[in-house]
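S.K.: Output the structure for:
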Amino acid sequence: MKTYIIAEVGPNHNGSLELAIEYINKLSNIGVDAVKFQLGNPEKTYSQDAFKAEYQKKAENSKSPTEMAKKYQLKPDEHKVLYEKCKESGADYLCSAFDLDSFLFLDRNFDLPYYKIPSGEIFSIDILDYIAGRNKPIILSTGMATYDEIEVAINLLNRSFKKDITILHCISNYPVACEDVNMNVMLELERRFGYPVGFSDHTVGNESAITAIALGASVIEKHVTLDRRLSGPDHQASSTIEEFVELMKSIRRVEKIMGNTVKRFSAQEKEITSVARKSIVSKRNILSGEIIKKEDICYKRPGTGFLPTEKDEVIGKKALKTIPVNKVILREYLDND
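M.R.: All right, here's what the predicted structure looks like:
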């Protein structure tokens with residue numbers, strides 16, 4: 001199974017279209033499946049009572065989340081440029097929307113492969129109502145949500161008909177400590193809801209994403225930055241391009257290691273089979289015409305003759321030729337009539 005790898009740029013373009021295009025160029029060159037952005041109207045997303053998270057306060061100096069969002073956003077029409085650039089590069093364009101108008105803009109202007117519902121919008125009933133009437137695959141992030149809350153969201157999405165949903169295990173912290181990842185939750189999400197699962201990775205390093213792949217994640221989403229020293233809310237909790245290259249290599253190696261459920265053998269293993277297994281071997285000189293008895297045989301390498309478990313096909317048979325001592329007994333040595 002090939003994992004769908006999403007490189008989350010988010011606001012890490014710092015409001016620069018040129019920087020956003022640079023992300024697409026570099027990420028498509030290393031083979032990611034999708035480059036993801038974010039879109040929202042801060043005036044429709046934040047009330048006057050909204051406040052910044054602690055990690056955002058440490059990462060940049062905007063006085064309010066509204067001011068911060070305006071500083072690190074791109075205009076809707078600039079997303080049209082990004083969409084076309086992604087098409088040219090061979091990577092999917094994905095985008096999370098933080099208000100209904102932004103979501104409608106995305107859906108009406110772009111042929112998105114998935115609706116992406118970010119963790120913070122899991123109860124945005126206006127967005128969920130809209131998606132419920134559409135037939136497009138959904139990627140649902142579940143940071144901050146209990147199992148019961150996730151069930152409510154899924155039921156809302158499935159109100160009209162059962163949807164194609166991939167549920168992402170997610171911890172809404174930036175960065176996430178290893179002891180907080182709790183990857184077994186991803187398996188429980190699959191068990192409870194019966195949908196494919198994945199992991200939205202906010203940890204530093206690649207171990208968590210690789211663990212998720214080994215446990216069956218079909219989607220990996222991870223934030224990426226061109227430089228952690230840049231000002232902005234997400235840079236410090238994002239992977240560099242160089243780290244993303246290593247992540248891609250590791251994921252593709254793990255996919256090969258995981259394989260499938262077919263028990264097949266390589267040419268090298270087939271060769272070792274003959275070397276390492278045992279055959280039925282003559283314990284003494286067995287003369288032509290003799291009936292082979294139990295005490296006439298033993299089991300030794302190589303595995304080029306009868307298997308030890310096939311002894312009943314040898315014992316009681318007449319030798320058609322003299323079989324020297326310590327020789328593998330072959331089928332053509334015996335009278336099988």
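S.K.: Flag the helix or strand of this protein with the lowest per-element mean pLDDT.
M.R.: Counting by mean pLDDT, DSSP states H and E, the weakest-scoring helix or strand in the chain turns out to be helix 54-59, with a mean of 89.
S.K.: Which secondary structure elements does that helix sit against?
M.R.: Using 3 or more CB pairs under 8 Å, 6 or more residues apart in numbering; DSSP states H and E, no helix or strand is in contact with helix 54-59. Any C-beta I mention is one placed from the backbone N, CA and C, and that applies to glycine too.
S.K.: Check the offset of that helix from the chain's centre.
M.R.: 29 Å (CA atoms, centre = their mean, to the nearest Å).
S.K.: Show me which helix runs longest in the protein.
M.R.: Looking across the chain with DSSP state H, the single longest helix is helix 241-258.
S.K.: For that helix, name the packing helices and strands.
M.R.: In this structure, helix 241-258 packs against strand 4-10, helix 17-29, helix 207-214, strand 219-225, with contacts taken as 3+ CB pairs under 8 Å, 6+ apart.
S.K.: Same list, those, but as a markdown table with distance to Thr261 and mean neighbour count please.
M.R.: Shown next, in a markdown table, are those (distance: least, CB to CB, whole Å; neighbours: other CB atoms under 10 Å):
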| stretch | distance to Thr261 | mean neighbour count |
| --- | --- | --- |
| strand 4-10 | 21 | 25 |
| helix 17-29 | 32 | 17 |
| helix 207-214 | 15 | 20 |
| strand 219-225 | 21 | 24 |
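S.K.: So for Pro308, which of these sits nearest?
M.R.: Minimum separation from Pro308 across the helices and strands packed on helix 241-258 (CB to CB) falls at helix 207-214, 36.3 Å.
S.K.: and the angle from the closest one to strand 4-10?
M.R.: Following axes from the mean of the first three to the mean of the last three CA atoms, to 10 degrees, one obtains 150 degrees for the angle between helix 207-214 and strand 4-10.
S.K.: Show me how far helix 207-214 is from its chain's centre.
M.R.: For helix 207-214, the separation from the chain centroid amounts to 8 Å (computed by CA atoms, centre = their mean).
S.K.: what helices or strands is it leaning on?
M.R.: strand 197-201, strand 219-225, helix 241-258.
S.K.: Of these, flag the one that's most buried.
M.R.: Mean neighbours per residue, mean count of other CB atoms under 10 Å, is largest over the helices and strands packed on helix 207-214 for strand 197-201, with a mean of 27.
S.K.: So what are the sheet partners of it and their directions?
M.R.: strand 165-170 (parallel), strand 219-225 (parallel) (DSSP bridges).
S.K.: Now do the strands in the stretch 51-200 of the chain.
M.R.: 92-97, 115-117, 138-141, 165-170, 197-201 (DSSP state E, counting those that start in this stretch).
S.K.: which stretch among those strands comes nearest Ala237?
M.R.: Nearest to Ala237 among the strands of the stretch 51-200 of the chain is strand 197-201 (10.0 Å), distances taken as CB to CB.
S.K.: coming back round to it: other residues contacting the least confident helix or strand of the chain?
M.R.: For helix 54-59, contacts defined as CB atoms under 8 Å, 6 or more residues apart in numbering pick out Pro65, Met68, Asn173, Tyr174, Ser231, Gly232, Pro233, Asp234, His235, Gln236, Ala237.
S.K.: And for the third one, nearest residue in space, chain neighbours not counted?
M.R.: Excluding the flanking residues, the one nearest Asn173 by CB to CB, 6 or more residues apart in numbering is His202, at 6.3 Å.
S.K.: separation between that neighbour and Gln38?
M.R.: From His202 over to Gln38 the distance is 15 Å, taken as CB to CB, to the nearest Å.
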